[in-house]
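S.K.: From the sequence below, what's the structure:
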Amino acid sequence: MSNAYNVQQAAVIGAGTMGRGIVMSLANAGIKVLWLDNNPQMLEQALAVVAQTNAHNVKLERISAEQSAERLACVTPVSEYAALADVDLVIEAVYENLELKQQIFRTLDATLKPGAILASNTSALDIDAIAGATSRPESVLGLHFFSPAHIMKLLEIVRGAKTSPAVLEATLALGQRIGKVSVVAGNCHGFIGNRMLHTYVREARMMLLEGAWPHQIDAALQGFGFAMGPFRMYDVVGIDLEWRARELAGKGQDDPAVQVDNRLCELGRFGQKARMGYYRYAEGSRQAEHDPEVDALVQEVSESLGFERREIGAEEILERCLLALVNEGAKILEEDIAANSRDIDLVYLNGYGFPAERGGPMSWADEQGVAEIEQRLQSLQACLGDHWKPARLISQLAAAQKKFADVQHQKF
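M.R.: Next up, the predicted model:
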């Protein structure tokens with residue numbers, strides 16, 4: 001690996017939640033970071049949060065006062081792009097807006113030295129569209145950290161069509177250095193984790209409309225071993241994030257599946273931070289309490305959309321949520337978005353709370369038997385429609401009596 005890719009000096013753009021976590025991930029590993037945000041006040045607040053987090057860790061005796069001082073000394077706020085000219089790596093962590101990111105990458109391209117790595121912390125946007133705004137697409141890739149970035153282990157490294165193998169090698173080495181579990185993903189909407197999550201959450205939301213309740217769906221998935229069910233997860237991350245993203249994009253708000261979310265957001269029930277979302281939270285507590293008002297709202301929305309509610313048991317909840325993950329995972333493998341099924345499992349074990357003892361969604365599916373999975377998908381297709389059609393890879397593996405674990409692509 002050439003010395004050009006030895007990351008000694010990094011930069012982070014954006015002082016929001018993700019930017020803060022990424023800065024701490026780098027500084028905690030002793031990497032010097034320049035930090036830029038177009039709002040000086042926001043940057044000042046963010047620096048204070050980083051200092052508080054370190055002080056808190058000293059108090060809990062997780063780190064020494066010396067370590068805290070060393071970490072804080074790694075971070076330098078800057079006020080203009082020109083200050084970033086000599087960094088080896090920059091990570092952009094502004095909100096999910098393609099035009100804004102392209103504009104930032106144009107500026108970085110014009111400012112940074114040749115050989116610098118340009119990364120975007122996008123969770124779903126097209127890396128090639130971002131790389132296309134520069135004259136050096138081979139140096140551009142996605143580094144999708146998970147929130148809170150200084151705590152969550154997973155790092156999705158997203159390769160664009162032109163990302164060079166040396167840049168991927170360098171970021172894998174960086175991932176290791178900052179203590180992450182790094183997985184290389186291809187470029188598609190949502191990459192590995194969020195693309196699969198979309199199908200899983202969609203089933204959960206449709207079952208709400210068909211007759212289930214939020215606490216019941218969460219209980220079934222937590223019973224299977226998930227760290228939390230989908231509605232509890234939305235309360236933690238904020239129900240309003242996707243709602244605002246749909247508003248911003250001007251599409252998706254009329255999808256029946258998101259109508260319950262829309263109603264909750266219109267009522268200001270954004271989740272744990274608002275002390276009410278799908279659940280209620282007492283002052284200063286993270287304990288989710290069942291809220292009959294939400295059940296009434298779910299019933300009202302589903303009836304207004306013309307659904308005839310029916311009893312939905314834990315077995316159906318697990319079947320639909322898990323098989324949605326597996327079928328999408330199979331498509332991801334088939335399209336070479338993931339190099340192998342183990343990488344998909346690593347994403348789900350380290351970023352999405354899949355139960356460790358079950359090995360991950362693809363490993364779980366291999367244990368069931370791919371032919372068995374195909375049959376179960378076909379029966380869902382017969383009852384619920386063509387979006388349940390088994391992925392082509394599933395039919396191929398079932399016919400050859402093989403497993404997902406038998407599929408191997410080149411990493412890059």
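
S.K.: average pLDDT across the host helix or strand of residue 362?
M.R.: Applying DSSP states H and E as the criterion places residue 362 in helix 361-368. Across helix 361-368, pLDDT averages out at 98.

S.K.: Repeat that for stretch 16-28.
M.R.: 97.

S.K.: now swap in stretch 78-85 and tell me
M.R.: Stretch 78-85 comes out at a mean pLDDT of 98.

S.K.: what does it contact?
M.R.: 11, 34, 35, 36, 40, 90, 107, 108, 111, 112, 113 (Cβ atoms under 8 Å, 6 or more residues apart in numbering). To be clear about C-beta, it is placed using only N, CA and C from the backbone, and glycine gets the same treatment.

S.K.: now with 6 Å?
M.R.: Defining contact as Cβ atoms under 6 Å, 6 or more residues apart in numbering, one finds that stretch 78-85 is touched by 11, 34, 36, 107, 111.

S.K.: Next, give me the two most distant ones among those residues.
M.R.: 34 and 107 (14.5 Å; Cβ to Cβ).

S.K.: These two - which one has more neighbours?
M.R.: A direct count of neighbours by other Cβ atoms under 10 Å for residue 34 and residue 107 places residue 34 higher, at 19 against 16.

S.K.: Might one say that that one is in contact with residue 10?
M.R.: No. The pair residue 34 and residue 10 fails to qualify as a contact (Cβ atoms under 6 Å) at a distance of 7.5 Å.

S.K.: re the thing from before, which helices and strands does the helix holding residue 362 pack with?
M.R.: Using 3 or more Cβ pairs under 6 Å, 6 or more residues apart in numbering; DSSP states H and E, the elements in contact with helix 361-368 are helix 314-334, helix 341-351.

S.K.: For residue 148, which of those is the nearest?
M.R.: So among the helices and strands packed on helix 361-368, helix 341-351 is nearest, using Cβ to Cβ, at 12.2 Å.

S.K.: Let's test this: mean pLDDT of that closest one, rounded?
M.R.: 97.

S.K.: if we can go back for a sec, of the contacts of stretch 78-85, which belong to strands?
M.R.: If you go by DSSP state E, the contacts of stretch 78-85 have 11, 34, 36 in strands.

S.K.: Check the second one and give its pLDDT.
M.R.: The reference is to residue 34. 98.

S.K.: got it, and the first one?
M.R.: Looking at residue 11, its pLDDT stands at 98.

S.K.: Now for it, how many residues are close by?
M.R.: Counted with other Cβ under 10 Å, residue 11 comes out at 27.

S.K.: which residues does it contact?
M.R.: By Cβ under 6 Å, 6+ apart, residue 11 lies in contact with 34, 84, 87, 90.

S.K.: go again using 7 Å as the cut-off
M.R.: 33, 34, 36, 84, 87, 90 (Cβ atoms under 7 Å, 6 or more residues apart in numbering).

S.K.: can you put these in JSON lines and add distance to residue 246?
M.R.: Listed next are the contacts of residue 11 as JSON lines, based on distance: Cβ to Cβ, whole Å:
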{"residue": "33", "distance to residue 246": "33"}
{"residue": "34", "distance to residue 246": "34"}
{"residue": "36", "distance to residue 246": "29"}
{"residue": "84", "distance to residue 246": "33"}
{"residue": "87", "distance to residue 246": "35"}
{"residue": "90", "distance to residue 246": "29"}
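
S.K.: Show me the strands in this protein, by range?
M.R.: 9-13, 32-36, 75-78, 89-92, 117-120, 140-145, 154-159, 181-185.

S.K.: For the third one, list every residue counted as buried.
M.R.: When burial is assessed from 16 or more other Cβ atoms under 10 Å, strand 75-78 yields the following buried residues: 75, 77.

S.K.: Which neighbours in the sheet does that strand have, and how are they oriented?
M.R.: Strand 75-78 has the following strand partners under DSSP bridges: strand 32-36 (parallel).

S.K.: quick one: the partner strand to strand 9-13, angle?
M.R.: 20 degrees (axes from the mean of the first three to the mean of the last three Cα atoms, to 10 degrees).

S.K.: how far does strand 32-36 sit from the chain's center?
M.R.: 24 Å (Cα atoms, centre = their mean, to the nearest Å).
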